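Undergrad: whatever this is, show me its structure:
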Amino acid sequence: MNAELILFIVFALLALFASVMMVTRKNPVLSAVFLILNFFALAGLYLLLNAQFIAVVQIIVYAGAIMVLFLFVLMLLNQRSEEKILNGKKNLKIFAIIVSALVVFQLAYIIFYSKPSAGLAPELQKSVQAGTVEQIGHQLYTNYVLPFEAAGFLLLAATVGALILAKKKFE
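TA: Here you go, the predicted model:
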């Protein structure tokens, strides 16, 4: 078994575990945390498919922006319930600290010592280059410029429409 297969199995099992835990939890904050874990596992699967841009967008947009908004709404609706999560659970706090330290160690190792694309074959190098921001931008602004601009105008029209509807409600 090569490293890619092992990583696929780990990310797939992590995504499966996180999705089951997300659905079965009674506490909505814990469900949101497992949903974030699921987003990270999916980003790992995207990285295995050499889709770096989609993996980064998965983290930034979904795990970042949308989950922050979701947790913000949950915190507004469930006041004081987030304080009860860690009360009296010293083992859970220690586990969280250990997992955080492991993540920091792994990130430091990857940043300072790893060279992930140093020994790739030429055909794999082309696959890695296909998912970069430069290639996606080049495709968007050359081959798909009309649909890209149409989507931009559609989003602009939706924003203007939402502002007009919101303004009428306030007057």
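
Undergrad: burial count for Ile110?
TA: Applying other CB atoms under 10 Å, we find 11 other residues in the vicinity of Ile110. To be clear about C-beta, it is placed using only N, CA and C from the backbone, and glycine gets the same treatment.

Undergrad: show me how far whichever strand or helix holds it is from its chain's centre.
TA: Under DSSP states H and E, the secondary-structure element containing Ile110 is helix 90-113. For helix 90-113, the separation from the chain centroid amounts to 18 Å (computed by CA atoms, centre = their mean, to the nearest Å).

Undergrad: just checking, what packs against it?
TA: With contacts defined as 3 or more CB pairs under 8 Å, 6 or more residues apart in numbering; DSSP states H and E, there are no secondary structure elements packing on helix 90-113.

Undergrad: which of the residues in that helix are buried?
TA: Neighbour-count burial for helix 90-113, with 16 or more other CB atoms under 10 Å as criterion, is recorded at no position.

Undergrad: averaging pLDDT per element, find the lowest-scoring helix or strand in the chain.
TA: The weakest-scoring helix or strand in the chain, judged by mean pLDDT, DSSP states H and E, is helix 122-130 (a mean of 69).

Undergrad: following that one, which helix or strand comes up?
TA: Toward the C-terminus, helix 122-130 is succeeded by helix 133-142 as the next helix or strand (DSSP H and E).

Undergrad: give the buried residues for that following helix.
TA: For helix 133-142, using 16+ other CB under 10 Å, the buried residues are Ile136.

Undergrad: same thing with stretch 55-62?
TA: For stretch 55-62, the buried set under the neighbour-count rule, 16+ other CB under 10 Å, comprises Ala55, Val57, Gln58, Ile59, Tyr62.

Undergrad: mind checking how far it is from the chain centre?
TA: 4 Å.

Undergrad: with stretch 133-143 instead?
TA: Mean C-alpha position of stretch 133-143 versus that of the full chain (CA atoms, centre = their mean) differs by 22 Å.

Undergrad: what would the buried residues of stretch 55-62 look like in TSV with distance to Ser31, secondary structure and pLDDT?
TA: What follows is these, written out as TSV (distance: CB to CB, whole Å; DSSP: H, G, I helix; E, B strand; the rest coil; pLDDT from 0 to 100):
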residue	distance to Ser31	secondary structure	pLDDT
Ala55	23	helix	88
Val57	23	helix	86
Gln58	19	helix	87
Ile59	19	helix	88
Tyr62	15	helix	84
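
Undergrad: great, nothing more from me.
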